[in-house]
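Novice: Structure here, sequence nowhere to be found:
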């Protein structure tokens, strides 16, 4: 493999300089992934970036409301991590979640329509940018409160193990990926969840997407041991490891090792995933807390550019690259058009999906049609209809 | 109920419900502080570790936010965890998972992920536990759509309602009272369930409707006995669940009696009691001979001193006074 490992030195050095972190451990030689697989990852990363650029535009156009956090710069993390697990492995993440949803296989139309607040959205327009859920693809949400998804991720992993071992009498066979940002590292819920994961032998991989900034606060200003956050894992009896999240090939191989270990040992692992977000924390962030030089250093070592260079050394032509570019642009344009055309939710939907059971003003629940759901999904089907004798408040 | 009865304690009734449901459905498990090896801080889960083993009766560290969130994740996957809070007062450090995750998951996910979890534990003042340990959380938490809230007053109801709670597909907040755990009562042999949203007429009467739930129901019944000696015939409604609330039962009763007193051990401002009062004023305006009178905990932090605490809480004397005032007999 050509100089991918050489290239990573720059970005790690820059990150270390910017955040005073020690760079990830030196990488070992990795096998080569099949050309078409790597080309597929390139397409996914380009799709996410194009999608996010169009999100920013749609936000300016006021088609997207509320908060919107884009993933530009971190594409290798979601793509590499998702590639390292199986579809049956649950994933839960924070509010910067469009990339995880797309990498997990969500149709970009449903993802975009969700942000447009339309009925065609993955959550029928009830969740928004921070709450991407996709049951068919085992994505248990984007979650808005910083760190809150980590106890959920530990619960998902506890749950898969319980199902496999206690209910089905077999061996735990699934792992859960629970993503958080470095800004969540100081939330109590994260530490409580890590303690429980270590205590209960839960097969969860807690992936800290360490982009160096908690909104406008650099990691060393807000976090003890900010130069080496994976060391925090040892306090919870779990392995901590740093991975280069700017290089999808390295992310994939390193995560594959971790996934294999967690799958076989059922012990949790904490990952310090080194990465960088090119844009602000949210759409309103002017990024005055860091220098343009720092941003440019990362942009020069862009994860998409890096994979592109790798594939070019294996025969990817400029024409082929341009054809990918054309295709993802068309796909995202179609997602925007589809979202524009998707109706707003009917007002009757206001009282839908509050409870699975129908009572009082609440009209029960149904999964989004485009995700293959129907009236009251079987696994949550109300067992016991209330024999109401009158109005319930 | 015509089934054979036996007298058991409130805590035994709750345990029977949990154990029966755990035998019926392996997706059900119990977790919380001291629930397993210690046999429960209040002995509600006594013996359950022996029967179900440590995989299904799980001791957690003192870490409410962590284990409540963990249970919610497991519930999203399709398990049916029962989470014991040693006290609902301690649930406040788990406010984010129990209020932001459990009741909103179905809505935020557009109907994709439900959350069939039961949170249960002691609610309301215990005995001189002071301000931080005496929370009656029904005032705070019943404000949140997406959750169901159960507040049983006696062993038989506790068992039937707990079984319903465990089988319910929505998140259920089940509020017990440390003061009631040793209360004995007749509980039917064999399986039964009590549906949510159906009030129980704890005492029938003609002159005044007293609406209550949980521990204060007992003060209402004592007050009704005392008032009967004064020639006042009270009807006591035990609501059993706050969400859903059996509004029809309240309206039916108040239309007959023309007077209504609400007894609720949470603080008065923005409470189930104020909701009931609003309901009655809206639905029974022309039937009322006086405005709804309300008995709540005093609008102060819970005091430690025994005498102050007794005065702070709804009690039989204060219920009697409210009924007399409502009937212009003060």
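Specialist: Yep, that arrived. Since the model is a prediction, treat every value here as computed from it, not as a measurement.
Novice: In terms of helices and strands, where is the closest residue to residue A:116 other than its chain neighbours?
Specialist: Of all residues not flanking residue A:116 in the chain, residue A:339 sits nearest, at 4.3 Å (CB to CB, 6 or more residues apart in numbering or on different chains). Using the backbone N, CA and C atoms, a C-beta is placed for each residue, glycine as well. Per DSSP states H and E: residue A:339 is located in helix A:318-341.
Novice: Who are the packing partners of that helix?
Specialist: helix A:35-60, helix A:108-115 (3 or more CB pairs under 8 Å, 6 or more residues apart in numbering or on different chains; DSSP states H and E).
Novice: Tell me if I am right that residue B:219 is in a strand.
Specialist: No: looking at residue B:219 with DSSP: H, G, I helix; E, B strand; the rest coil, it is helix, so not inside a strand.
Novice: how far away is the closest residue to it other than its chain neighbours from residue B:242?
Specialist: Leaving aside its sequence neighbours, residue B:219 sits nearest to residue B:316 (CB to CB, 6+ apart; 4.8 Å). Relative to residue B:242, residue B:316 is positioned 22 Å away (CB to CB, to the nearest Å).
Novice: Looking at these two, which has the bigger crowd around it?
Specialist: Taking neighbours as other CB atoms under 10 Å in any protein chain shown, residue B:316 and residue B:242 compare with residue B:242 leading, 28 against 18.
Novice: State the pLDDT value of that one.
Specialist: Turning to residue B:242, the model gives it a pLDDT of 97.
Novice: Is it in a helix, a strand, or coil?
Specialist: Per three-state DSSP, residue B:242 ends up strand.
Novice: Show me where chain B has its strands.
Specialist: Using DSSP state E, the strands of chain B run over residues B:5-9, B:28-32, B:57-59, B:80-87, B:118-122, B:148-150, B:172-176, B:184-188, B:200-203, B:208-212, B:234-238, B:241-243, B:260-263, B:293-295.
Novice: So which elements touch the fifth one?
Specialist: Yep, that's strand B:118-122 we're talking about. Using 3+ CB pairs under 8 Å, 6+ apart: strand B:118-122 touches strand B:80-87, helix B:155-167, strand B:172-176.
Novice: Just say which of those is most tucked in.
Specialist: strand B:172-176 (a mean of 28; mean count of other CB atoms under 10 Å in any protein chain shown).
Novice: What is the burial count for the residue nearest to residue A:116?
Specialist: 25.
Novice: I figured it hits residue A:112, correct?
Specialist: Yes: assessed by CB atoms under 8 Å, residue A:339 is found in contact with residue A:112 at 4.5 Å.
Novice: List the residues that contact residue B:6.
Specialist: Residue B:6 makes contact with B:186-187, B:189, according to CB atoms under 8 Å, 6 or more residues apart in numbering or on different chains.
Novice: List only buried entries from those residues.
Specialist: Using 16 or more other CB atoms under 10 Å in any protein chain shown as the burial test, those include residue B:187 as buried.
Novice: which one of the contacts of residue B:6 sits closest to chain A?
Specialist: residue B:187 (20.3 Å; CB to the nearest CB).
Novice: Check the gap between that closest one and residue B:195 for me.
Specialist: Where residue B:195 is concerned, residue B:187 sits at a distance of 17 Å (CB to CB).
Novice: now do residue B:19
Specialist: On the measure of CB to CB, residue B:19 and residue B:195 end up 21 Å apart.
Novice: Residue A:360 too?
Specialist: 14 Å.
Novice: same thing with residue B:255?
Specialist: Residue B:255 is 23 Å from residue B:195, by CB to CB.
Novice: Can you pull the domain assignment for the chain?
Specialist: With no chain named, the answer covers chain A. Chain A resolves into domains spanning A:4-345, A:348-380 when parsed by automatic domain parsing.
Novice: oops, chain B please
Specialist: B:5-188, B:200-325.
Novice: Nearest to chain A within the stretch 101-250 of chain B, name that residue for me.
Specialist: Counting by CB to the nearest CB, the stretch 101-250 of chain B gets nearest chain A through residue B:248, at 2.8 Å.
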